[in-house]
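What follows is a predicted protein model with its sequence.
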Amino acid sequence: MAMLAHIVSYDTTSDRSDLPLIDWISGWMDAHGVSWSLSHDPSGEKANLHAIIGPREAGGLAFAGHVDTVPVTGQEWTGDPFVLREQGGKLIGRGAADMKGYVACMLAAVPDLVRIKLERPVHLLFTFDEEISCDGARVAMQDALENNLLPSVCVVGEPTLMTPVIAHKGRLAARLVARGKPGHSSRPAEGVNALHALGEAMAWVAAEARRLALEGRKVEGFEPPNSTIQIGFAQGGTAINIIPERAEALLEWRNVPGDDSHAMMARMEQELEATTGRWMREADPECGLTFEVLNELPPLALAADNPLTTAVKLATGANAEEFVSYGTEGGIYQQAGMTSIVCGPGSIEQAHRPDEWIARTQLERCDAFIRDMAQRVCARSTGAA
């Protein structure tokens with residue numbers, strides 16, 4: 001609990017620098033003789049820390065956790081979000097569940113991990129910006145690959161109540177902009193109504209959502225079992241008697257493993273270009289539709305009989321594994337070449353909420369899990385790494 005209280009005290013909301021906490025973590029590693037390195041975002045104001053216990057080489061096992069959190073602005077907390085407090089076995093503080101609880105367990109395990117006679121390295125990855133872009137994980141993977149220090153397998157400690165999660169959906173977020181031509185509403189032929197164009201695109205999305213639900217690829221274990229598409233925000237126009245010159249919408253795909261989100265977006269672009277885009281350009285060549293990718297997260301898919309799945313189930317005592325429809329850094333890690341699984345303390349139901357909490361018993365289970373996994377995967381030959 002003391003470790004969690006300490007790192008909760010750092011306000012690492014995603015719009016702030018994480019360097020004060022990263023500096024403290026580097027000091028903790030130095031105090032225990034653990035080698036570490038940093039990789040930064042373009043501004044230099046945020047950093048990942050990659051620590052390696054045991055042989056400084058590629059392979060072995062990684063425990064990965066992000067240190068950034070969502071904001072507390074606008075939330076009604078009953079106490080200071082950055083002062084950990086306990087009530088009835090619940091440890092309350094921003095990031096307690098997502099996911100400083102896991103990070104605290106990683107750090108608290110260091111003194112024990114350095115005493116294990118490791119045949120393979122144990123990597124500890126602390127990343128930035130998971131809550132807004134997951135770019136920290138991308139930077140970390142690029143750095144590991146460039147320095148030939150990529151772990152073989154990875155446990156991402158997002159809150160799963162210590163249940164192994166072997167698959168999650170991917171996500172592609174995009175901005176759709178309709179560029180029209182302004183004019184007075186009394187003379188519609190002299191303008192191009194961007195809102196009308198956006199309305200046609202929104203109707204296409206609604207139809208596509210129904211098609212995916214009825215005819216799309218089904219991967220049992222997910223809820224829903226198919227890929228999904230939705231528009232979550234739209235705006236346009238300035239006044240009721242002015243033909244809107246510009247309208248935009250934010251949309252997202254959440255794709256099951258096996259569905260390509262970029263191919264799904266390309267299909268939408270192609271079909272709308274042949275209909276809506278065509279009449280817009282015929283009215284004025286400067287008008288049309290454009291798509292801009294805002295963020296993407298690849299899906300995660302790990303076989304139920306993979307040695308990593310087996311090792312995590314044995315270490316947690318779990319009898320089954322799960323699929324989830326939200327995304328994690330695990331898809332990025334898997335894409336980079338690390339076999340990855342998601343398993344961590346706390347419940348996703350508590351994430352991002354006021355008075356966010358994690359059960360003390362969950363941290364106790366995670367403490368034992370990290371030490372067990374290090375022994376199981378890195379201290380002897382197992383085939384998992």
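Thanks, I have the structure now. Just so it is clear, the structure is predicted and the values come from calculations on it, not from any experiment. Residues are numbered from 1 along each chain as shown.

Just give the closest residue to residue 91, not the sequence neighbours.
Spatial nearest neighbour of residue 91, chain neighbours left out: residue 358 (5.3 Å); criterion: C-beta to C-beta, 6 or more residues apart in numbering. Backbone N, C-alpha and C define where each C-beta goes, glycine included.

Local confidence estimate at that neighbour?
The per-residue pLDDT reported for residue 358 equals 97.

How about the secondary structure of the spatially most central residue of the chain?
In the chain, the centroid-proximal residue (C-alpha atoms, centre = their mean) is residue 328; its distance is 3.3 Å. Of the three states, residue 328 takes coil under DSSP: H, G, I helix; E, B strand; the rest coil.

And the closest residue to it other than its chain neighbours, how far from residue 63?
Leaving aside its sequence neighbours, residue 328 sits nearest to residue 158 (C-beta to C-beta, 6+ apart; 5.0 Å). As judged by C-beta to C-beta, to the nearest Å, residue 158 and residue 63 stand 12 Å apart.

can you list residues touching both of the two?
Both residue 158 and residue 63 are contacted by residue 102, under the criterion C-beta atoms under 8 Å, 6 or more residues apart in numbering.

Now the longest helix along the chain - C-alpha only, PDB.
With secondary structure taken from DSSP state H, the chain has its longest helix at helix 194-215. What follows is helix 194-215, C-alpha atoms only, in PDB (Å, rounded to 0.1, in the frame of the first residue of the first chain):
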ATOM      1  CA  ALA A 194     -22.100  20.100 -46.300                       C
ATOM      2  CA  LEU A 195     -24.700  19.000 -43.700                       C
ATOM      3  CA  HIS A 196     -26.700  17.200 -46.300                       C
ATOM      4  CA  ALA A 197     -23.600  15.400 -47.400                       C
ATOM      5  CA  LEU A 198     -22.700  14.500 -43.800                       C
ATOM      6  CA  GLY A 199     -26.300  13.300 -43.300                       C
ATOM      7  CA  GLU A 200     -25.800  10.800 -46.100                       C
ATOM      8  CA  ALA A 201     -22.600   9.700 -44.600                       C
ATOM      9  CA  MET A 202     -24.200   9.200 -41.200                       C
ATOM     10  CA  ALA A 203     -27.000   7.200 -42.800                       C
ATOM     11  CA  TRP A 204     -24.300   5.000 -44.400                       C
ATOM     12  CA  VAL A 205     -22.700   4.400 -41.000                       C
ATOM     13  CA  ALA A 206     -26.100   3.500 -39.500                       C
ATOM     14  CA  ALA A 207     -26.700   1.000 -42.300                       C
ATOM     15  CA  GLU A 208     -23.100  -0.400 -42.000                       C
ATOM     16  CA  ALA A 209     -23.600  -0.900 -38.200                       C
ATOM     17  CA  ARG A 210     -26.700  -3.000 -38.900                       C
ATOM     18  CA  ARG A 211     -24.800  -5.000 -41.700                       C
ATOM     19  CA  LEU A 212     -21.900  -5.800 -39.400                       C
ATOM     20  CA  ALA A 213     -24.300  -6.900 -36.700                       C
ATOM     21  CA  LEU A 214     -26.200  -9.200 -39.100                       C
ATOM     22  CA  GLU A 215     -23.500 -10.300 -41.600                       C
END
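
Return the list of helices and strands in contact with that helix.
Applying 3 or more C-beta pairs under 8 Å, 6 or more residues apart in numbering; DSSP states H and E, we find helix 194-215 packed against strand 170-179, strand 228-236, strand 246-255, helix 261-274, helix 276-283.

can we see that at 6 Å?
Using 3 or more C-beta pairs under 6 Å, 6 or more residues apart in numbering; DSSP states H and E, the elements in contact with helix 194-215 are strand 170-179, strand 228-236, strand 246-255, helix 276-283.

Now find how far off-centre the third one is within its chain.
For strand 246-255, the distance between its averaged C-alpha position and the chain's averaged C-alpha position is 19 Å (C-alpha atoms, centre = their mean, to the nearest Å).

For that strand, which outside residues touch it?
For strand 246-255, contacts defined as C-beta atoms under 6 Å, 6 or more residues apart in numbering pick out 169-178, 194-195, 198, 227-229, 231-234, 236, 261, 264.
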